[in-house]
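Colleague: Structure, please.
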Amino acid sequence: MAPMKVYGWAVSPWMARVLLCLEETGAEYEFVSMSRSGGDHRRPEHLARNPFGEIPVLEDGDLTLYQSRAIARYVLRKYKPELLGLGEDGSLEKSAMVDVWLDVEAHQHEAAVKPIVLHCIVNKYVGQDRDQGLVDESIQKLEKLFEVYEARLSGSRYLAGDRISLADLSHFSFMRYFMATEYAGVIDAYPHVKAWWEALLARPSVKKVMAGMPPDFGLGRGNRP
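Modeller: Residues are numbered from 1 along each chain as shown. Now for the predicted structure:
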C-alpha cells in the first residue's frame, strides 16, 4: 500500500500535532508541502480534500481526514494505540484520562496560549498591532491553568498517568511557539510543568518536528508559509 500523505505547511502548530504522531509511530508517510501565502489551501483540489480550506489533511488510501486531533487519533489507533491509553496495556480508565487531558489542551490550553503567540510573534511581522491587554489577560489564564497542571504533574509523570500519551504530545504544537515569546519564563514558577516540558523536548520525534518550526514561523526572514 502507498504511504499516507499529509498536506500542509510544517510551521503550522496544527500540522505539528499530526507530524509528531506520525514520527512517534514510525509510520511511512509523504509530507506534501503547501503554500498558505500562495493560496494552495483555497485551490479546488484542496477544497475537494477539505471543504473548509484548512490544513492538515491526511490521505490514507481511500480515506481522507481533516482536523488535526482527529487525524492524530486515527494515526495512533492504527499504529500505536498505547498512546491513547488503548491496546494490551490500556484500559477504559486510561483512555478516558487521555481524553480528559486532550480536551483540556483543546479548550483551555490552546485558548490561553494562541493569543499570546499571535500577538507576540505573528502580528509584528504581518503589520498588525499588538493587543497587550489581551496578552496580559491570556498570561493570567495560563498561569491559573499551569497551577492545575502543576498539581496534576506532582502526582504523575505525565498528564494522563505515568506513561506519555497523545494528551502530552498534543501540547507541543502551541507550547513550542509560546516558549519562543518573552513570556517563556512563566513556566519556571511550576517545576513539575517545566520538567514535563523538558521531557517532551528530549524526544527524538519532537526534535525532528521542531526543526521545521522556526521560532518566528519563518516570518523574520520573509518566508511566509
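
Colleague: Now do the contacts for the residue nearest to residue 218 when sequence neighbours are not counted.
Modeller: With C-beta to C-beta, 6 or more residues apart in numbering as the criterion, residue 218 has its nearest non-adjacent residue at 5.8 Å, and that residue is residue 11. The C-beta positions use only the backbone N, C-alpha and C, and glycine is treated the same way. Taking C-beta atoms under 8 Å, 6 or more residues apart in numbering as the contact definition, residue 11 lies against 212-214, 217-218, 225.

Colleague: Which member of these is positioned nearest residue 53?
Modeller: Closest approach between the contacts of residue 11 and residue 53, by C-beta to C-beta: residue 225, at 14.6 Å.

Colleague: Low-confidence regions, the chain specifically.
Modeller: Within the chain, the segments meeting pLDDT under 70 span 222-225.

Colleague: Buried residues of the host helix or strand of residue 143, list them for me.
Modeller: Assigned by DSSP states H and E, residue 143 falls within helix 132-153. Along helix 132-153, the positions that meet the burial threshold by neighbour count (16 or more other C-beta atoms under 10 Å) are 135, 138-139, 141-142, 145-146, 149-150, 152-153.

Colleague: what ranges do the helices span in this protein?
Modeller: With helices called from DSSP state H, the chain shows them at 13-25, 44-47, 68-79, 92-104, 110-117, 123-126, 132-153, 166-169, 172-178, 191-201, 204-210.

Colleague: Please work out which of those is packed deepest.
Modeller: Among the helices of the chain, ranked by average contacts under mean count of other C-beta atoms under 10 Å, first place goes to helix 166-169 (a mean of 25).

Colleague: Remind me what that one packs against, helices and strands.
Modeller: Identification of packing neighbours for helix 166-169 by 3 or more C-beta pairs under 8 Å, 6 or more residues apart in numbering; DSSP states H and E yields helix 13-25, helix 68-79, helix 92-104, helix 191-201.
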